[in-house]
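> structure for the following, please:
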Amino acid sequence: MGDPFLNYLALGILFFVAVVLFYGVIAIHDIPYRIAKSRDHPHQDAIHAAGWVSLFTLHVLWPFLWIWAMTYRPERGWGFKAAPTDETERTALAEEVAELRRRVAHLEAQARPVGSPEVRVPTRPEAGAAPELRQDVGAR
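Next up, the predicted model:
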């Protein structure tokens, strides 16, 4: 037989490698849960449980868990487009309103020939009453 010290050293190294591999596999399967936890995922408990189930299904579920954990972000939710901040949204809406007002004024100017009487339509007619048109023909 050989040197007993080398036999015990080889057995210790073999045991150490087995323990490291065991904990390494568990740590790798915990990655989707850690991602979900850091992103405040609403299904983080389900992802954690499915990670443990994946250990017993020959790691088939793990890629799907990783994708599931990566699809959610608190600032944008489930979508791919970043959600606008309140200030950005207000600025964009104000620009759209200004553009629409400019277009309406331009169309009104084109629709009314020069020198024609101005037609005014009441904005809120009384209930049941037909709206009346009033022509202002002013003496110029």
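
> just the helices in the protein please.
Remark: helices assigned in the chain by DSSP state H are 4-29, 31-38, 44-56, 62-70, 86-111.

> and for the second one, what's in contact with it?
Put plainly, it is helix 31-38. Contacts to helix 31-38, defined as C-beta atoms under 8 Å, 6 or more residues apart in numbering, come from residues 41, 43-44, 47-48, 51, 62, 65-66, 68-70, 72. Glycine gets a C-beta too; all of them are placed from N, C-alpha and C.

> any chance of the helices of the chain in a markdown table, with mean pLDDT, mean neighbour count and distance to Trp78 too?
Shown next, in a markdown table, are these (pLDDT from 0 to 100; neighbours: other C-beta atoms under 10 Å; distance: least, C-beta to C-beta, whole Å):
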| stretch | mean pLDDT | mean neighbour count | distance to Trp78 |
| --- | --- | --- | --- |
| helix 4-29 | 94 | 11 | 24 |
| helix 31-38 | 94 | 18 | 13 |
| helix 44-56 | 93 | 16 | 14 |
| helix 62-70 | 94 | 16 | 11 |
| helix 86-111 | 86 | 10 | 19 |
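
> re the thing from before, so which of the contacts of helix 31-38 is the closest to His29?
Using C-beta to C-beta, Gly51 is the member of those that lies nearest His29, at 4.8 Å.

> list the contacts for the nearest residue to that closest one once chain neighbours are set aside?
Nearest residue to Gly51, sequence neighbours excluded (C-beta to C-beta, 6 or more residues apart in numbering): His29, at 4.8 Å. Contact partners of His29, counting by C-beta under 8 Å, 6+ apart, are Gly51, Trp52, Ser54, Leu55, His59, Trp62.

> if you set the cut-off to 7 Å instead, what comes out?
The contact partners of His29, taken as C-beta atoms under 7 Å, 6 or more residues apart in numbering, are Gly51, Ser54, Leu55, Trp62.

> for Asp40, same thing?
With contact taken as C-beta under 7 Å, 6+ apart, Asp40 is in contact with Pro74.

> with that, I have no additional questions.
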